[in-house]
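K.L.:
kindly generate the corresponding structure for this input.
(chains A, B, C and D, ligands or ions: 2)
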Amino acid sequence: MQLRTDVSEIAGWTVMSVFGELDVASSPDLRERLIDLVAEGRTRLVIDLDGVDFLDSTGLGTIVGALKRVRTHGGDLRLVCSQSRIARLFEITGLDKAVPLQSTLDAAVAGG
Amino acid sequence: MQLRTDVSEIAGWTVMSVFGELDVASSPDLRERLIDLVAEGRTRLVIDLDGVDFLDSTGLGTIVGALKRVRTHGGDLRLVCSQSRIARLFEITGLDKAVPLQSTLDAAVAGG
Amino acid sequence: MAVVELAIPARSAYLSLIRLVVDAAVAALAPGLGGARLDDLKIAVSEACANAIEAHQGTYVEEPVVVRCIVEEERVTVEVVDRGAGFDPDRLERLPPATDPRRLRHESGLGIPLMRTLADEVAFRRTLDGTTVALTVYRARS
Amino acid sequence: MAVVELAIPARSAYLSLIRLVVDAAVAALAPGLGGARLDDLKIAVSEACANAIEAHQGTYVEEPVVVRCIVEEERVTVEVVDRGAGFDPDRLERLPPATDPRRLRHESGLGIPLMRTLADEVAFRRTLDGTTVALTVYRARS
Ligand SMILES: Nc1ncnc2c1ncn2[C@@H]1O[C@H](COP(=O)(O)OP(=O)(O)O)[C@@H](O)[C@H]1O
Ligand SMILES: Nc1ncnc2c1ncn2[C@@H]1O[C@H](COP(=O)(O)OP(=O)(O)O)[C@@H](O)[C@H]1O
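P.N.:
Ligands and ions are numbered 1, 2, ... in the order given. As a prediction, this is how the structure comes out:
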């Protein structure tokens, strides 16, 4: 569906910016793209969710999957999420304890 | 419904600017406001349709009614309509022959 | 073929919502249908729904009006289904031409003429318990 | 009480349209319901619809899923009606807490927990031919 992703490299991190609605229709597509990044050895990932208009449980699940995959390869995952509407979903599912949310990209790529 | 009107006086014309959707739900309201203007003796009217997002047949009918009323009182009606989506409805119903459309307010209030 | 159906209270305040749904449904189902054609269809549907809602006033005011968007390969059809008393579309009064001064006596009666011009096909079907108006726009035709 | 009903193909590509209609219907019918509560309801409805659509895959893929918005004085209820095989909501696997490393084994199963948190009331009703999920948000409560 209407999902667009941009990939860039910043300060040793691979940043995937996601734009559009991240729901059960579009999450499989994002999942594939994240699997591809990890397969290319890009295991220090930042997912920037500030362009996401809607997030559902499969979107959250896709992020859990990415976290598992980068960790398996000794990497790490960080999230950029300054929209409270979206951050709220991580909070109520407790997932903000597994992947901390940063409110800016700068903060996400800072500190190693 | 979501219909807003502003009234101003320009060069001897009473200009009613209409904003929102002009359909069967909102037209009766516009009709009342136009009747009130004519009752106050304001019979040289310009209706500015550039803020109209949607127009249906009752909106067209309301304008026909206003035209009839100002003419009965020796006045005149002019329309501002630069949106081709809206202008088209006057053209296909032939009503542009009864009330000419002007593409700017300046043009509408020009020439007496 | 994809079908999206909306059932909505018979009140004119809902016309705005109907237009929004038709717009979103057709844009999602038939992305090929251009903006101007979709605008035309939306006006025609709005006119048909206004009449359907009007036909429900009185006895059927609590009954919903149904709007069905049917998207096929080559065309989009929107059916508007009511349970009103019905009418004969061939026996409507004809409006005088716009240049005739008598034209100004008529503030209504433009809905069906608009539908006929804006849609590629308009069919009025008398059903067992009301009227179904089917408005069709072809994707390729202009 | 105002009711707006949408019947839509059982494909996840339509979720976006469902959200849009719920948004527009609730905004039109219940203007009092604040933006954040409406967002919550929209997510809960989207989750329920995703499950309903999933339940139609296979045998019932050609059958529409029905979304019914019921607006009353004090609350808004959205019912999602499917004809799938049904399930027992009390027998779902519980997810480990987010701080447990085993949590990462689960990429799914968050839909119903989200619904339960986001809506004020969630009811799962087994019907004769499927499941109806009713999600309620109260207008005054936060
Ligand atoms: N669905 C309908 N059920 C019953 N009568 C209808 C229906 N649609 C149209 N009509 C009749 O046809 C007339 C003309 O309709 P229309 O051209 O839309 O103009 P208007 O609605 O402004 O009168 C209506 O006044 C009504 O009497
Ligand atoms: N309407 C439904 N019909 C049948 N089964 C359902 C329905 N809703 C939920 N389920 C079952 O409950 C499970 C958990 O649902 P949910 O919490 O939304 O997570 P997920 O959809 O990610 O598995 C689903 O996997 C499905 O087996």
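
K.L.:
using PDB, write out every CA atom in the lengthiest strand in chain A.
P.N.:
For chain A, the longest strand by residue count, based on DSSP state E, is strand A:44-55. Below are the C-alpha coordinates for strand A:44-55, written out as PDB (Å, rounded to 0.1, in the frame of the first residue of the first chain):
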ATOM      1  CA  ARG A  44      23.000  -0.900  13.300                       C
ATOM      2  CA  LEU A  45      19.500   0.400  12.400                       C
ATOM      3  CA  VAL A  46      17.500   3.400  13.100                       C
ATOM      4  CA  ILE A  47      13.800   3.400  12.000                       C
ATOM      5  CA  ASP A  48      12.500   6.900  11.800                       C
ATOM      6  CA  LEU A  49       8.700   6.800  12.300                       C
ATOM      7  CA  ASP A  50       8.100  10.500  12.100                       C
ATOM      8  CA  GLY A  51       6.600  10.200   8.700                       C
ATOM      9  CA  VAL A  52       4.100   7.500   9.800                       C
ATOM     10  CA  ASP A  53       0.500   8.600   9.800                       C
ATOM     11  CA  PHE A  54      -0.900   5.400  11.200                       C
ATOM     12  CA  LEU A  55       0.500   2.400  13.000                       C
END
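
K.L.:
what's downstream of that strand, the next helix or strand?
P.N.:
helix A:57-72 (DSSP states H and E).

K.L.:
can I get the CA coordinates of that following helix in PDB?
P.N.:
In PDB, the C-alpha atoms belonging to helix A:57-72 read as follows (Å, rounded to 0.1, in the frame of the first residue of the first chain):
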ATOM      1  CA  SER A  57      -0.200  -3.900  15.900                       C
ATOM      2  CA  THR A  58       1.500  -5.500  12.800                       C
ATOM      3  CA  GLY A  59       3.600  -2.400  12.500                       C
ATOM      4  CA  LEU A  60       4.600  -2.800  16.100                       C
ATOM      5  CA  GLY A  61       5.300  -6.500  15.400                       C
ATOM      6  CA  THR A  62       7.400  -5.700  12.400                       C
ATOM      7  CA  ILE A  63       9.600  -3.500  14.700                       C
ATOM      8  CA  VAL A  64       9.800  -6.300  17.300                       C
ATOM      9  CA  GLY A  65      11.000  -8.600  14.400                       C
ATOM     10  CA  ALA A  66      13.600  -6.100  13.300                       C
ATOM     11  CA  LEU A  67      14.900  -5.800  16.900                       C
ATOM     12  CA  LYS A  68      15.200  -9.600  17.200                       C
ATOM     13  CA  ARG A  69      17.100  -9.800  13.900                       C
ATOM     14  CA  VAL A  70      19.600  -7.000  14.500                       C
ATOM     15  CA  ARG A  71      20.200  -8.400  18.100                       C
ATOM     16  CA  THR A  72      20.800 -11.900  16.700                       C
END
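
K.L.:
where does pLDDT dip in chain C?
P.N.:
C:141-142 (pLDDT under 70).

K.L.:
residue in it nearest to chain A?
P.N.:
For chain C and chain A, the shortest gap (CB to the nearest CB) falls at C:Ala28, measuring 9.6 Å. Every residue, glycine included, has its C-beta placed from N, CA and C.

K.L.:
tell me the secondary structure for that residue?
P.N.:
helix (DSSP: H, G, I helix; E, B strand; the rest coil).

K.L.:
neighbours around it, how many?
P.N.:
A count of nearby residues for C:Ala28, using other CB atoms under 10 Å in any protein chain shown, gives 20.

K.L.:
thinking again about what came up before, residues of the longest strand of chain A that come out buried?
P.N.:
A:Arg44, A:Leu45, A:Val46, A:Ile47, A:Asp48, A:Leu49, A:Asp50, A:Gly51, A:Val52, A:Phe54, A:Leu55 (16 or more other CB atoms under 10 Å in any protein chain shown).

K.L.:
separation between the first one and A:Glu9?
P.N.:
Distance, A:Arg44 to A:Glu9, by CB to CB, to the nearest Å: 10 Å.

K.L.:
overlap in contacts, these two.
P.N.:
Contact with both A:Arg44 and A:Glu9 is made by no residue, according to CB atoms under 8 Å, 6 or more residues apart in numbering or on different chains.

K.L.:
all strands of chain A, in order?
P.N.:
A:3-10, A:13-22, A:44-55, A:76-80, A:101-102.

K.L.:
looking at these, spot the one closest to chain C.
P.N.:
Per CB to the nearest CB, nearest to chain C of these: strand A:13-22, 12.0 Å.

K.L.:
near chain C, anything from the closest one?
P.N.:
No. Strand A:13-22 does not reach chain C (CB under 8 Å from any CB of the partner chain); its nearest approach is 12.0 Å.

K.L.:
who's in contact with the spatially most central residue of chain A?
P.N.:
The centre of chain A sits closest to A:Ile47, judged by CA atoms, centre = their mean, with a distance of 3.0 Å. For A:Ile47, the contact set (CB under 8 Å, 6+ apart) comprises A:Val15, A:Met16, A:Val18, A:Leu34, A:Ile63, A:Ala66, A:Leu77, A:Arg78, A:Leu79, A:Val80.

K.L.:
many thanks, have a good one.
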